[in-house]
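Trainee: here is a sequence together with a model predicted from it:
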Amino acid sequence: MSAPHNNDNQNIEECVRASLESYFSDLGGETPSNMYDMLLRLVEKPLLDVVMQQSDNNQSRAAQWLGLNRNTLRKKLLEHEML
């Protein structure tokens, strides 16, 4: 598997930036809280979902692609109720 192209990284970064700007706009001046944990949770689940699909649910392969230990991947899948 080759490294992602810089343009791919920029597209993902632009999507995250646009979503965050929309989030702040939707808050209408309200003060956000726990944004870091919220964002990680919201990004992690679709990341795990897509990687598991692309790896044909092979946890060892998915963990390798993600740069995670297989046990860490299993823990994250359980946390997101994906097992």
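Mentor: That came through fine.
Trainee: domain assignment for this protein?
Mentor: Here the domain assignment for the chain is 1-32, 33-83, based on automatic domain parsing.
Trainee: and the ones you listed, which one is worst for confidence?
Mentor: Within these, the stretch with the lowest mean pLDDT is domain 1-32, showing a mean of 86.
Trainee: how about the domains of the chain in CSV, adding mean neighbour count?
Mentor: Where you see a C-beta, it was placed from the backbone N, CA and C, and this is true even at glycine. As requested, the domains of the chain are arranged in CSV below (neighbours: other CB atoms under 10 Å):
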stretch, mean neighbour count
domain 1-32, 10
domain 33-83, 13
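Trainee: farthest from the middle of this protein: give me that residue.
Mentor: Of all residues in the chain, the one whose C-alpha sits farthest from the chain's mean C-alpha position, using CA atoms, centre = their mean, is Gly29 at 26.7 Å.
Trainee: which SS class is that residue?
Mentor: What DSSP: H, G, I helix; E, B strand; the rest coil gives for Gly29 is coil.
Trainee: could you measure from it over to Asn6?
Mentor: According to CB to CB, to the nearest Å, Gly29 and Asn6 sit 36 Å apart.
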